[in-house]
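> what follows is a predicted structure for the sequence shown.
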2 protein chains.
Amino acid sequence: MERLDLQACRARQARLMAAVPADLLILNNPHHILYLTGLYNSELRQAAWGLNSLLLDASSGTATLLVNEMLAHELNALAADAIQVTPWYAAAPAGPGAEQFDEAVTALRGRVEAIQPQRIAAELGWLPQGAVGGEAVLNLNPILKQMRRVKDADELRLIREAVRVNEAAHRGARAAVQVGATELEVYNAACAAAVSAFGGPVHLFGDFTCLSRPNPGSVPTPYALQPGDVMLCDIFPLVNGYRADFTATIAVDDGYSEAQDRVDVAIHEALRAGEAALRPGARGGDVYRAVRAALAQHGLAEHFPHHAGHGLGFDHPDTPYFVPLSEETLLAGEVVALEPGAYGPGFGARIEHNYLITEGGPERLSNHSTALL
Amino acid sequence: MERLDLQACRARQARLMAAVPADLLILNNPHHILYLTGLYNSELRQAAWGLNSLLLDASSGTATLLVNEMLAHELNALAADAIQVTPWYAAAPAGPGAEQFDEAVTALRGRVEAIQPQRIAAELGWLPQGAVGGEAVLNLNPILKQMRRVKDADELRLIREAVRVNEAAHRGARAAVQVGATELEVYNAACAAAVSAFGGPVHLFGDFTCLSRPNPGSVPTPYALQPGDVMLCDIFPLVNGYRADFTATIAVDDGYSEAQDRVDVAIHEALRAGEAALRPGARGGDVYRAVRAALAQHGLAEHFPHHAGHGLGFDHPDTPYFVPLSEETLLAGEVVALEPGAYGPGFGARIEHNYLITEGGPERLSNHSTALL
């Protein structure tokens, strides 16, 4: 299992502290705690085992983690100088009925009061009310959003691992797409293949739907594939906190419609047009327009209702956004997804690949098949 | 797909407003927003598509939802008088680089300022710093924690659905436990069976590990089961936001050890002892001690390192807690899990069932097999 490099976590802590005019930085977003310390509190656990905090004391350069009692037995080597476990359950001195969020906020407040910071910075939307006094808090989100764009080597390692797992999921899905198979069976095949490739449970998100039937949704159903059907498999596993996200539209046989065939040609052209736009300095909106223009050549601009892609990392969608209004310019070292698609009554297709932006252009990370058959 | 009843959601809103001396109640915990409006923002989505808010205006009795743009196309009928969508992405007037948490807090703050409340109540640990001014905020957590204990009819419907899905997962796991199968294959079989039974993706958590091998973990691995092995399957799916959580320990063949056989007898006796204690008015600590005493009869008290069970609902573990220090008394209408277990070198077992507490005693909800073979 790949993990973030603890020295790289320490370097990120130092970069963040250097970038922020505050003597205490408080982080509560689990993605950022992972990014800065290596502590993995899975997405699936997050809601069950609540608020954890990372305190970066800029005057001493030290990192302190406040973690939920339920995570205490899962703590591996971490980029932190001190770890304080907050009891609320079996060992709770707070007594019966203790509530993990109450205890977490109380512990954080106690810690902040002990430090007596002059200036606090925290993530807007994550720092809970009541954890600090009434003082103004500097918002870390814009700084972290920028800092996260260019991926470090240890992050790229995790993203490549997620890509590898997703390639297996795609092979599993493609093998399962056949006449009589249900959308759910295709989904199950993708999940099982991802789990086997990773060697452990994988949190697999995705759109699995037959695009040739009326009113397709995105969630897989018991619908059984018929001759001529095509199945969208947009698969995005979360592996150790990082994402891959790529797509194929797969036909059950060669009985698909002519409209389907034309869309398939068009989206492959649109993908190449998008790839040509993936250069450092290009605006997100430019990438969108390159993809849309290629689809327009085939009269499909009005059949393209969504973004042309997005950044990849912790969130979906992460920056940069490939939407019309996006003025952000691409940076070498960013990882992005391109995903042209076009949909109409009885046909539809989307394909998607992932890329590392380099000075020389995009390096494609994903190697699954995007062929209809 | 089962959903919460919108009239029941409205009744819960009214009960909550009546119980709290505040004119504005702000809720940000997705579980509570589901409970009070029917809005399901899945656990898996939560981290990606951030903060949503429910505002209950006690003076007018109205409910307003502030929801992320990314959820806008998924809004079904909800128990809300107004829904305000917060744009930050494709349609973002905030422009490129907009951050969903920043936009969510700004939208919430704007709404609160427009209401000019005298007294605000919110969930400690969930209301973000900066959403309200410096005024004191009443903590809703203790009230909601108490209110959530006795399940309403619509909640029981969802829990019974989760139980049904988990029974299928157990059948899938049991069929897969055989010599040569890997822990991961058993996990995959449980997942696939749950998905098929539900008719859609299921967020399946669980401990899947061979307890007869040295140093078992909890996460499934590529270890292939050998003759004489026993496999722990503690499976807890999240179905429409609600949980079931039950366990079996399954032998690959009849070659398991004598120690294993003794533990199996002991934990079944401990389960019955726990069931006898599941009466309204019993303390959580009493249930724990009843289970532990039964294990002590077999000399296994020191081999029982965890809780004897816990409440079921949104969280894991939910109240009541079956731990030594718990003084909370059981209520008719609560749903709980009992899970005796004992572990030693080369052997180990846990079984678990789910129950509805009634005046007449426990009604067992789960009907999976807990037999070794």
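Right, received. Where do you want to start? Residues are numbered from 1 along each chain as shown, chains lettered A, B, ... in the order given.
> who touches A:A153 in this structure?
Contact analysis of A:A153 by CB atoms under 8 Å, 6 or more residues apart in numbering or on different chains lists A:D5, A:A8. (Glycine included, C-beta is placed from N, CA and C.)
> separation between it and chain B?
The gap separating A:A153 from chain B is 24 Å, by CB to the nearest CB, to the nearest Å.
> quick check, pLDDT for that residue.
In this prediction, A:A153 carries a pLDDT score of 98.
> tell me where the stretch 251-373 of chain A has helices.
Secondary structure of the stretch 251-373 of chain A (DSSP state H, counting those that start in this stretch): helices at A:258-277, A:284-296.
> the biggest helix by length in chain A: how far from the chain's middle?
The residue-count maximum for a helix in chain A (DSSP state H) belongs to helix A:153-176. Remark: helix A:153-176 is offset 13 Å from the chain centroid, using CA atoms, centre = their mean, to the nearest Å.
> buried stuff in it?
A:154-155, A:157-174, A:176 (16 or more other CB atoms under 10 Å in any protein chain shown).
> related to what we said a few turns ago, closest one to A:L373 among the helices of the stretch 251-373 of chain A?
For the helices of the stretch 251-373 of chain A, the distance to A:L373 is smallest for helix A:258-277, at 9.8 Å, taking CB to CB.
> and the angle for that closest one with helix A:284-296?
150 degrees (axes from the mean of the first three to the mean of the last three CA atoms, to 10 degrees).
> what does helix A:258-277 contact?
A:212, A:230, A:249, A:251, A:286-287, A:290-295, A:297-298, A:300, A:303, A:308-309, A:322, A:338, A:340-342, A:344, A:346-351, A:353, A:355, A:361-362, A:364, A:370, A:372.
> buried ones only from those, please, as a PyMOL command.
Those of these that count as buried under 16+ other CB under 10 Å are selected in PyMOL with:
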select buried, chain A and resi 212+230+249+251+286+287+290+291+292+294+295+298+300+303+308+309+322+338+340+341+342+347+348+349+350+351+353+355+362+370+372
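> chain A - how does it break down into domains?
Here the domain parsing of chain A from automatic domain parsing is A:6-147, A:153-364.
> for the strand ranked longest in chain A, the averaged confidence score.
Secondary structure of chain A per DSSP state E: the longest strand is strand A:230-239. Per-residue pLDDT over strand A:230-239 has a mean of 95.
> run the chain-centre distance for it.
13 Å.
> tell me what the helix or strand following it is packed against?
Following strand A:230-239 in sequence order, the next helix or strand is strand A:242-243 (DSSP states H and E). Judged by 3 or more CB pairs under 8 Å, 6 or more residues apart in numbering or on different chains; DSSP states H and E, the packing partners of strand A:242-243 are helix A:153-176.
> between the helix it packs on and strand A:230-239, how many degrees?
Going by the same axes, to 10 degrees, helix A:153-176 makes 150 degrees with strand A:230-239.
> any idea of the mean pLDDT for the next helix or strand after helix A:153-176?
Next helix or strand after helix A:153-176 toward the C-terminus (DSSP H and E): helix A:183-198. Mean pLDDT, helix A:183-198: 98.
> what sits against the nearest residue in space to A:L204 that is not next to it in sequence?
Nearest residue to A:L204 in three dimensions, chain neighbours excluded: A:P237, at 4.7 Å (CB to CB, 6 or more residues apart in numbering or on different chains). A:P237 is in contact with A:A162, A:V165, A:N166, A:A169, A:A194, A:F198, A:V202, A:H203, A:L204, A:F205, A:R243, A:A244, counting by CB under 8 Å, 6+ apart.
> quickly check those residues for the two that are furthest apart.
A:F198 and A:F205 (14.5 Å).
> more neighbours: which of these two?
A:F198 (22 against 18; other CB atoms under 10 Å in any protein chain shown).
> what about the closest residue to A:D245 other than its chain neighbours, how many residues nearby?
Counting by CB to CB, 6+ apart, A:D245 lies nearest to A:F236, which is 3.9 Å off, once chain neighbours are set aside. Neighbours of A:F236 under the rule other CB under 10 Å: 22.
> can you list the weak-confidence ranges in the stretch 51-200 of chain A?
For the stretch 51-200 of chain A, the stretches with pLDDT under 70 are A:91-97.
> flag every residue of it that's near chain B.
Residues of the stretch 51-200 of chain A lying near chain B by CB under 8 Å from any CB of the partner chain: A:51, A:89-90, A:92, A:95-97, A:99-102, A:104-105, A:122-132, A:134, A:137, A:139, A:141-142, A:145, A:184, A:187-188, A:191-192, A:195-196, A:199-200.
> out of those residues, list just those in strands.
Going by DSSP E, the strands hold A:A122, A:V137, A:N139 from these.
> of these, which is the nearest to B:A332?
Closest approach between these and B:A332, by CB to CB: A:A122, at 43.3 Å.
> thought that closest one was touching B:Q129?
Yes - at 6.8 Å, A:A122 counts as touching B:Q129 under the criterion of CB atoms under 8 Å.
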